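**Q** Whatever this is, show me its structure:
(4 chains, ligands or ions: 5)
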Amino acid sequence: MNKDFKQTSRSGSLPWLLQRISAVILFVLLLLHFITYHFLSKGRAVNYQEIVAKAGSWWFPLLQFAFLLTALYHGLNGLWSVLEDYTANKFWRLVWYGLLLTVGAVLLFVGTLTIIKLYTLPVA
Amino acid sequence: MAMIDISVKILRYQPGKDEKPHWQVFNIAVEDESTILDVLNEIHWQHDGTLAYRRSCRSSICGSCAMKVNGRNVLACETPIHRFGRKLKIEPLSGFDIIKDLVVDLDPFFAKLKRIRPYLILDKPAPDKEFVQSPEQLEQIGESTLCILCAACSAACPSSWPNSEYLGPAALLKAYRFIFDSRDDGADQRIEIVNDKNGVWRCHTIFNCVEACPKKIQITEYLSRLKVKVVENSL
Amino acid sequence: MYKRTRFYDFTYYNFIGSWAWILHRLAGLALIFYLCLHIWVINSLTHGEAAFNNVMAFLNGVPFKLLETGLWGVILFHAFNGVRIVIIDFFKGSLVHKKLFIVLIAVAFILWALGSYLILQHVQWRAG
Amino acid sequence: MKIDEARNYHKIDAVIVGAGLAGLRAALEVAKSGLAAAVISKVYPTRSHSGGAQGGIAAALANVSEDSLESHMFDTIKGSDYLADQDIIERFVNEALKTVYEFEHMGVPFSRTEDGRINQRPFGGHSSPRACFAQDVTGHVLLHTLYEQCLQHNVLFFNEFQVLSLLVSDDVSRGLVAWDIRNGGLHIFHARAVLLATGGYGRAWKITSNAHANTGDGVALVLEAGLPLEDMEFVQFHPTGLYKHGILLSEAARGEGAYILNDKGERFMKTYAAAKMELAPRDVVSRAEQTEINEGRGIGGKDYVYLDLRHLGRQKILERLPQIYDLALNYLKVDGIKEAIPIQPTAHYSMGGIPANVRTEVIKDAAGTVVKGLYTAGEASCLSLHGANRLGTNSLQDAATFGRIAGIHMTEFCRENNFAGLPAQPLEVAQGKIDRLWNGQGQERHAPIREKLQENMTKYLGVFRNQDDMLKMLVMIKELQERYRQVTVDDHGDAFNLDLIEALELENLLSFSEVIVEGALARQESRGAHFRSDFPKRNDGEWLKHTLAWRRDGKIVLDFSKGVVIYPQYQPQERKY
Ligand SMILES: Cc1cc2nc3c(=O)[nH]c(=O)nc-3n(C[C@H](O)[C@H](O)[C@H](O)COP(=O)(O)OP(=O)(O)OC[C@H]3O[C@@H](n4cnc5c(N)ncnc54)[C@H](O)[C@@H]3O)c2cc1C
Ligand code: HEM
Ligand code: SF4
Ligand code: F3S
Ligand code: FES
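**A** Ligands and ions are numbered 1, 2, ... in the order given. Next up is the predicted model:
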C-alpha cells in the first residue's frame, strides 16, 4: 500500500447510480407535480376541498409517497455528496452522514404522516 | 517579427524570504511570436535570475511547464503570448503546494498515479511474440495514452481544490487506460481502488480538466466510461 | 513550502462546464432547502381548512408568486442540466456537452417563460 | 560529522544517473533481481528527453514485409559510414526483437496492423519498414510505460537531483555526489555500481531539437574525472527542425510520404539521392537542404525550406501525424493541412559520448581497460553503435537494449563486489563548484555566455565545417571558459535554484564543446554527420578509427589508436542511396 494516499471508505457506486435513477424519475414526477399544482389550477387558488378530494383516491398516496421518497433520497444524497467534497476527513464525513440520515428520517416521517392524514381526512 | 512591450505579472514565492506569495510585475520587450516560456526565459536570463520554473523539452511533450496563465492552465512552452494580449498574469498551478515561484510540489500527484497500479497486470503467461490487439481494441485506449502527466487537469479541477486527497483526473484517466486495455487482467483490483470516496465519485463532470488538457484528451468521457464500468462491476 | 487548499479558486477561469456545475449545485442546494420547508408546510394541510387557508393566503400573495417563478426557474435549470449530466454519464454526451447545455437550457428557458406567464396571470386574476 | 551518519548519505547497490529509456530500463532490470536500484534524475522521470522521440523503435519483426537481422545489421553499418563497431551492432540486432516484445508485454500501446500485430513504418536508411511505432509519440509511450514498471518494482527515485561529481579513483567507481534541486544541499551516493545514462549533448547548439536538460552532464563529468570521451565530433543534424525553434518534426512525416521543397517548389532530393529521395539518411538530407539554402534556393532566399504534408490529406495528417500538425500550428501558426511547414536542419543526436565495451562497462583507454563498477548506456554512451551517423529509430532501441544489458551486468557486478571505499573528501569537488558561483567576486552572468556559445556552434560547427571556422570557434570557447570563471549567480536560495543549476550546466557545455571542436579539427575527412568542406571525401586509409579525447592539465589530448571492429563480410564500401 502506498502510504501517501489515504483510503477513506470503499464504494460510492450505488449512491452514484441511484442519484441518476432518482433524477430521471424526479424529472417526470417533479414536472408533473409542478404542472398539476401550480399551472393546472388555472388561475384559481389551490383549494382545500379539491385537494382533500383528490387525496382520497387510491393512486394519490402511492404517487405522493414515491415522489417524497425519491425527492428526499435524491436531495439528501446530493447534499451528502456536496458535503463530502469539502470534508476529506473520515470522522466528519461520518458525522454528516449521521446528520443527514436523521434529517431524512424526520422528513420522511412528517411527509408520510401528511399523506396518510390527507388520505384519511373526511371529504366535506 | 517585431518587438512588443508587455507587462508580466508573476506570483512570486521565495521560501525562507517570503511569508506568502506576492505579485511582481515585469515590464519587458519581447518578440511578438514569443511563447510564455520564452517570456519566462527572457526574465530569468536577462532581468531576474532568481525566478524559478520548470521546463525541459519546450516542445509540449515532457509536461514540465504547466502553469496558470491569465486564469487558465496551459503549457508555457506551446502557448504563444498573442493568445492573451499584452498583459500576462502567470501563477503556479492551483491546488498544489508551492516550492518556489512557479514550481509546485508534484509528489502527491505522482503518488496518486502509483496508487492506481499503472502497469499491465497479467493472469496469463505472455506469448512468445506480441499480444494480439486489434486496431479497434487499441482505439479504446489510444487517446488516453497521450497523457504527458503535466498535472494541468488535476490542478484545474474544482473537486481537487478543497480536497487534496481526490485522485484527480490524471490518475483516473490512467486507471481507465489500463482497465480498458484488452491485454490487462487487473481491472478488478483497480476498480476497487477508484471506487472510493476520494476516487472516481468526486468527479462531477465539470470539464475543467478537458479545457486545461494540452493534449486535448476527452478526459471526462473516459471517466464516464470508467464510472459505468465500476457500477457494472459492483452490481 | 507554501501550503494551499481552498474551498474554491475564484481566480480560475470558468468555462461552460464549470458554470453548469456551480449553478447546478446551487440549484440543488436551494431545492433541498425548499423541499424541507415544503414538507413542513404541507403538513399544515392536515390541521384543517382554516390553517390551510391561512397558509395559502400568504402563498398566493404577490411576493410569493414572484418567488414561485424563481423556484420554477431553479427547478428547470436543475432538471434540464440534470438530464445533461445523465446524457454525459451514459450516452457519450461529454463529446458535445457544451451544445447539450445550450440546447437544453434554451428549452428550459422557454418552459420557464411559459410557466411564469401562467403563474403571474394567476396574480392578476386575484388582483382583479 | 562522520559521513556514514550524515542525513545526506545514501548507500545503494546500483545508482543510475538518468531516467530516460536507458536509465529506467537498467533500473528495472536491477530492481527485478532484488537488489536496490536508485535512479537519480534532474527532471521527473517522465520529463526525460526520451519522451520526445516520435517516429519509432527499430526491430526487424517483419510484421508488414520481409525483413531480417542481417539486413538490420547491414543498414546500421552502412548508415554509420562504417565507423560503428560491428560486434556491438551484432549484439544489438540480436537483442532488438526481445526488447520490443518485452515492451509490448509491459503494455506499450503500439499502433497495430489489421491483424492485431505491432505495426511498422519505413524510416530513413532502413531497407524495409522496421520502425515499430505508436502514432507519433513512440518515445513518450515507451518512457511512461517503463516508468510505471519501475514504480511497480519499487525502484527508488531521487527526482530533481543533479549529479555534480563522480567519485572515481584508481580506476574504480565509488559513487557520486548530487545536488538536491528541490531542497538544496549535496548528497553522497555510495554505490557498488554506477550507470551514466544522462542522454545527449545537443544543447551546445542554438538550433537544436534537444530539451533544455540535454546539457551532456554525464559526458562532462567523465571528462572531469580524467576519463576519455569518444567520437564527440559526430553530431547528427536532423533535416526537419521547425524553423527558428529547432523543434523536431519527426521523420515519420517523410515516412508517411511528405515532400521537401525548395523555393522553386522542387523536390530537390532528386538531385542528391534519387533512389531514396526524402527517405535518404539524415546526414544526406540535411546536407542537401543546407546546400539548397547556401546556394540561395531557400524559401524567399532565406535559411529554410518547406516540409509539405498537404497531399497526404487531412485525415492521414490528423490520424498519423497529429503531433507534427500541432507543433507547426502552435509555434509557427502554420496549418499543415493547408500550408507547407518551414524547416531547417537542427542539432539532434549525439553519436559520440562515454566510451564503453559491449558489456556497457566504461573504458579508460584505447586498449579497453575497464573502470570497475562504472557503466554507461543510451545517448550518453559511445559503444559505438551508430558510428559516424545514427539511423532513425535505432537510438531508442539502443537506449532500451543496452539499458537492459547494463542492468544485467550491473546486477552481476553488485553480487560479486562490495562497496569500494569513498575518498576522504567526497564533497570537495561539488562543493567547490557551488561555492565559486555563490561566493565568487566576478560579475559575469551565465546566460550571455551560453547564448554566445550556442549561436556560434550553430554557425561554425553545423552541417558543414571547415578549418577556419573551427579555429575561430576554438578561440571563442577558450575565451568563454575564461569568462565562466567570473560567473556568479543572482539566486542564493537553496530551494529550486534554477540560476545555479543553469550555471552548473553551462560549465559542462563549455567543457565538452572544446572536445567536439578539437576532434572535428583533427579529423581531416568527411564521414557521416561530420562533413568538412575542406576535406569532402571519406578517407578510410587514415581515418577509419575512433577519436578518444582526454582533458589533461587543461588541454585536450587526442588519441586515434582505437580501431573500428569490422567483420570480414561487412567491409567498408562507398555509401550511396
Ligand atoms: C525530438 C527527438 C526525437 C527523437 N526521435 C527518435 C525516434 O523516433 N526514434 C529513435 O530511436 N530515437 C529518437 N530520438 C533519439 C532518442 O530519443 C534518444 O537518443 C534517447 O531517448 C536517449 O535516451 P537516454 O535514456 O539515453 O537519455 P534521455 O532520455 O535524454 O535521458 C537523460 C536523463 O538523464 C538525466 N540527467 C542528465 N544529466 C543529469 C545530471 N547531471 N544529473 C542527474 N540526471 C541527469 C535527465 O534528467 C534524464 O532523465 C529522438 C530524439 C529527439 C531529441
Ligand atoms: C427534476 C429532476 C431532477 C433531476 C433530473 C436532477 C438531477 C440531478 C443529478 C444528475 C445530480 C447529480 C449531480 C452530480 O453528481 O454531479 C443532482 C444533484 C443534486 N440534486 Fe438533483 N435533480 C432533480 C431534482 C432535484 C430535486 C427536487 C432536488 C431537491 C430536493 C435536488 C437536489 C439535488 C442536490 C442537492 C444535488 C447535489 C448537487 C451537487 O452534487 O452539486 N435535485 N441532481
Ligand atoms: S490528462 Fe492532459 S492535462 Fe491531465 S496530466 Fe495528462 S496531459 Fe496533462
Ligand atoms: S474537472 Fe474535475 S470534476 Fe471531473 S470532469 Fe474533470 S475531473
Ligand atoms: S517544456 Fe516540456 S512540455 Fe513545456
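**Q** is the helix or strand bottoming out on mean pLDDT in chain C up against chain A anywhere?
**A** One helix or strand of chain C scores below all others by mean pLDDT, DSSP states H and E: helix C:49-59, with a mean of 77. Yes. Helix C:49-59 reaches chain A (CB under 8 Å from any CB of the partner chain) through C:49, C:52-53, C:56. Where C-beta positions appear, they are placed from N, C-alpha and C, glycine not excepted.
**Q** Out of those, which is nearest to chain B?
**A** Chain B lies nearest to C:Met56 out of the residues of helix C:49-59 next to chain A, by CB to the nearest CB, at 38.1 Å.
**Q** count of neighbours near that closest one?
**A** C:Met56 is flanked by 18 other residues according to other CB atoms under 10 Å in any protein chain shown.
**Q** how close does it sit to chain D?
**A** Look at C:Met56 and chain D: by CB to the nearest CB, to the nearest Å, they are 63 Å apart.
**Q** Give me the pLDDT value at the spatially most central residue of chain C.
**A** In chain C, the residue lying closest to the centroid (CA atoms, centre = their mean) is C:Val74, at 1.4 Å. For C:Val74, the pLDDT comes out at 96.
**Q** Hmm, it is touching C:Gly28, no?
**A** No. The criterion here is CB atoms under 8 Å, and C:Val74 misses it with C:Gly28 at 9.1 Å.
**Q** how many degrees apart are the worst-scoring helix or strand of chain A on mean pLDDT and helix C:49-59 in direction?
**A** Counting by mean pLDDT, DSSP H and E, chain A has its least confident helix or strand at helix A:48-55, which shows a mean of 72. Counting by axes from the mean of the first three to the mean of the last three CA atoms, to 10 degrees, helix A:48-55 lies at 110 degrees to helix C:49-59.
**Q** Tell me if helix A:48-55 is near chain C.
**A** Yes. On the criterion CB under 8 Å from any CB, helix A:48-55 is in touch with chain C at A:48-49, A:51.
**Q** Go through those residues and name the one nearest chain D.
**A** Nearest to chain D among the residues of helix A:48-55 next to chain C, counting by CB to the nearest CB, is A:Ile51 at 62.0 Å.
**Q** Nearest residue to the closest one in space, please, no chain neighbours.
**A** C:Leu45 (6.9 Å; CB to CB, 6 or more residues apart in numbering or on different chains).
**Q** how much space between that neighbour and A:Tyr48?
**A** Distance, C:Leu45 to A:Tyr48, using CB to CB, to the nearest Å: 8 Å.
**Q** Can you report how many residues neighbour the residue of the stretch 251-400 of chain D found nearest ligand 4?
**A** Nearest residue of the stretch 251-400 of chain D to ligand 4, counting by CB to the nearest ligand atom: D:Asp326, 21.7 Å away. D:Asp326 is flanked by 19 other residues according to other CB under 10 Å.
**Q** same check, this time on the one 10 residues further on
**A** Other residues near D:Gly336 come to 26 when the count uses other CB under 10 Å.
**Q** if we can go back for a sec, buried among the residues of helix A:48-55 next to chain C? Make that a PyMOL selection.
**A** Buried residues among the residues of helix A:48-55 next to chain C (16 or more other CB atoms under 10 Å in any protein chain shown), as a PyMOL selection:
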select buried, chain A and resi 48+51
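**Q** Now render the residues of helix A:48-55 next to chain C as TSV, adding distance to D:Val284.
**A** Listed next are the residues of helix A:48-55 next to chain C as TSV, based on distance: CB to CB, whole Å:
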residue	distance to D:Val284
A:Tyr48	95
A:Gln49	97
A:Ile51	91
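**Q** for the residues of helix A:48-55 next to chain C, which one is nearest ligand 3?
**A** The closest of the residues of helix A:48-55 next to chain C to ligand 3 turns out to be A:Ile51 (CB to the nearest ligand atom; 54.3 Å).
**Q** So stretch D:174-182, near chain C or not?
**A** No. Using CB under 8 Å from any CB, we find that stretch D:174-182 stays clear of chain C, coming within 9.6 Å at best.
**Q** mean confidence score for that stretch?
**A** Stretch D:174-182 shows a mean pLDDT of 96 in the predicted model.
**Q** And for the nearest residue to D:Arg254 once chain neighbours are set aside, the neighbour number?
**A** Excluding the flanking residues, the one nearest D:Arg254 by CB to CB, 6+ apart is D:Glu278, at 4.4 Å. Neighbour count of D:Glu278, defined by other CB under 10 Å: 24.
**Q** likewise C:Gly70?
**A** Neighbourhood size, C:Gly70 [other CB under 10 Å]: 12.
**Q** Enumerate every residue touching the residue of the stretch 251-400 of chain D closest to ligand 4.
**A** By CB atoms under 8 Å, 6 or more residues apart in numbering or on different chains, D:Asp326 lies in contact with B:60, B:78.
**Q** The helix or strand hosting it near ligand 3 anywhere?
**A** Following DSSP states H and E, one finds D:Asp326 within helix D:322-332. No. Helix D:322-332 lies apart from ligand 3 when judged by CB under 6 Å from any ligand atom; the minimum separation is 12.7 Å.
**Q** Which helix runs longest in chain D?
**A** In chain D, assigned by DSSP state H, the helix with the most residues is helix D:498-522.
**Q** elements contacting the next helix or strand after that one?
**A** Per DSSP H and E, the first helix or strand lying C-terminal to helix D:498-522 is strand D:531-532. Where contact means 3 or more CB pairs under 8 Å, 6 or more residues apart in numbering or on different chains; DSSP states H and E, strand D:531-532 is packed against strand D:464-465.
**Q** What pairs with the strand it packs on, parallel or antiparallel?
**A** Paired strands of strand D:464-465, with direction, are strand D:531-532 (parallel) (DSSP bridges).
**Q** What average pLDDT does the strand it pairs with get?
**A** Rounded mean pLDDT across strand D:531-532 is 95.
**Q** sec struct for D:Leu167, please.
**A** strand (DSSP: H, G, I helix; E, B strand; the rest coil).
**Q** Please name the nearest non-neighbouring residue to it.
**A** That would be D:Arg174: by CB to CB, 6+ apart, it lies 4.3 Å from D:Leu167.
**Q** distance of that neighbour from D:Thr360?
**A** Using CB to CB, D:Arg174 is found at 18 Å from D:Thr360.
**Q** Stretch D:96-108 near chain B anywhere?
**A** Yes. Applying CB under 8 Å from any CB, one finds stretch D:96-108 touching chain B at D:100-101, D:104-107.
**Q** of these, closest to ligand 3?
**A** Ligand 3 lies nearest to D:Gly107 out of the residues of stretch D:96-108 next to chain B, by CB to the nearest ligand atom, at 16.9 Å.
**Q** For that closest one, list the residues it contacts.
**A** For D:Gly107, the contacting residues are B:119-120, B:178, B:181, B:183-184, D:145, D:148, by CB under 8 Å, 6+ apart.
**Q** again, only using 6 Å
**A** B:120, D:145 (CB atoms under 6 Å, 6 or more residues apart in numbering or on different chains).
**Q** send the alpha carbons of the least confident helix or strand of chain A over as PDB?
**A** What follows is helix A:48-55, C-alpha atoms only, in PDB (Å, rounded to 0.1, in the frame of the first residue of the first chain):
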ATOM      1  CA  TYR A  48     -58.600  22.800   0.300                       C
ATOM      2  CA  GLN A  49     -61.600  20.800  -0.600                       C
ATOM      3  CA  GLU A  50     -60.300  19.900  -4.000                       C
ATOM      4  CA  ILE A  51     -57.100  18.700  -2.600                       C
ATOM      5  CA  VAL A  52     -58.700  16.700   0.100                       C
ATOM      6  CA  ALA A  53     -61.000  15.200  -2.500                       C
ATOM      7  CA  LYS A  54     -58.100  14.200  -4.800                       C
ATOM      8  CA  ALA A  55     -56.200  12.900  -1.900                       C
END
